[in-house]
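Student: how would this look folded up:
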Amino acid sequence: MKIILTEKITKLGNIGDTVTVATGYARNYLLPNNKAMRWSKGNIALFEAKKAELQAKQDASKATAESLVKAVENTKFYMIRQAGDTGHLYGSVSSRDIARALKELSNVSVESAQVLLGSPIKTIGAFDTKIALHPDVVVPVKIYVAQTSDEIDALVAGKILTFGTKKIEIEEESELPTPDVPAEIVADDAPAEETNAEPKKKPARKKAE
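Tutor: Got it, this is the predicted structure:
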C-alpha cells in the first residue's frame, strides 16, 4: 500500500515521505495510530496544509522522549523466571514483557514495537537491547534474567552462571586434591610422570637385543 508518513518512522522514512508498505502493516498499525495517511492527490494537499502542525507535533514528541531518557537508563530490568537445569527458560521474555516492566518500574509507556529486542530471550543471562522512545532517541538498556534475586545479583556483578552436571563435575575435580594432598607432593608427582616415559622403553630394547 502506498502511504504518506505523518511522522518519522525508524527504517521507513521521514515525515512527509511517500513509501510503499505491506497492506496489513498500514491498516493494522500505521493508519490507526495516525502515523500515516493513504496516498492520494487529495491527501497530498491535505498533508501540505497540515505539514507545519505535524512537524511541530514531531518536535514536541522528540523533546518528550529526550526528557525520559534518564528514567529509562535508571530502570533495573530484573526478570525472575523459572528455568530448567540447562538454563533454558520455561517460556521466554518478550518485547511486551520489557515494555510492561518499564511502565511498572518507571511509569514510562512504550509499545512493544519500540523495544528493539529482536527475538525473545529464552535463556538465563544478561542481554543488551535498545528502547526507541522516538526514532531519534534510542536508549541502550540491559536485561537481566534469572531464577532468583541472588542469581540476578551475580549477573549484575558480572559473574557467569553455569548449569547442569558439567559444572558440578568440574568443581568436584578441582576440590578433591586440595584437602588430601599437600601442594608440594602434587608438584613432585608431575616430573615423576615425565621421567617414567623413557625407562619403559629401555626394557623393550634389552629384550630386542
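Student: Low-confidence ranges, the protein, go.
Tutor: 164-209 (pLDDT under 70).
Student: can you do 90?
Tutor: 10-11, 85, 118, 158-209 (pLDDT under 90).
Student: quick one, longest helix in it?
Tutor: Longest helix in the chain, counting residues (DSSP state H): helix 41-67.
Student: Pull the distance from it to the chain's centre.
Tutor: Offset of helix 41-67 from its chain centre (C-alpha atoms, centre = their mean, to the nearest Å): 32 Å.
Student: got the buried residues for it?
Tutor: 43, 47, 54, 58, 61-62, 65 (16 or more other C-beta atoms under 10 Å). For glycine as for every other residue, the C-beta is placed from the backbone atoms N, C-alpha and C.
Student: Next: stretch 127-145.
Tutor: So for stretch 127-145, counting by 16+ other C-beta under 10 Å, buried means 127, 129, 131-135, 137, 139, 141, 143-145.
Student: Which one of these is nearest to Val72?
Tutor: Val139 (4.6 Å; C-beta to C-beta).
Student: part of a helix, is that closest one?
Tutor: No - looking at Val139 with DSSP: H, G, I helix; E, B strand; the rest coil, it is strand, so not inside a helix.
Student: how close does it get to Arg27?
Tutor: 30 Å (C-beta to C-beta, to the nearest Å).
Student: Using just helix, strand and coil, how would you label Asp150?
Tutor: Asp150 is classified as helix under three-state DSSP.
Student: that older thread, just to be sure, which of the buried residues of stretch 127-145 are found in strands?
Tutor: 127, 129, 131-134, 137, 139, 141, 143-145 (DSSP state E).
Student: Name the nearest of these relative to Tyr78.
Tutor: Tyr144 (5.2 Å).
Student: ok, that closest one touching Ile80?
Tutor: No - the pair Tyr144 / Ile80 is not scored as a contact, 9.5 Å apart, by C-beta atoms under 8 Å.
Student: any shared contact partners between those two?
Tutor: By C-beta atoms under 8 Å, 6 or more residues apart in numbering, Tyr144 and Ile80 have these common neighbours: Ile152.
Student: Now do the contacts for the nearest residue to Leu30 once chain neighbours are set aside.
Tutor: If the residues on either side of it in the chain are set aside, Leu30 comes closest to Ala36, at 4.1 Å by C-beta to C-beta, 6 or more residues apart in numbering. The neighbourhood of Ala36, defined by C-beta under 8 Å, 6+ apart, consists of 3-6, 9, 26, 30.
Student: Take these and write them to CSV, including neighbour count and distance to Asn107.
Tutor: Below are the contacts of Ala36 laid out as CSV (neighbours: other C-beta atoms under 10 Å; distance: C-beta to C-beta, whole Å):
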residue, neighbour count, distance to Asn107
Ile3, 22, 32
Ile4, 20, 33
Leu5, 21, 29
Thr6, 24, 27
Ile9, 18, 25
Ala26, 20, 31
Leu30, 23, 27
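Student: Between the residues you listed, which sits nearest Glu151?
Tutor: Among the contacts of Ala36, Ile9 lies closest to Glu151 (C-beta to C-beta), at 38.2 Å.
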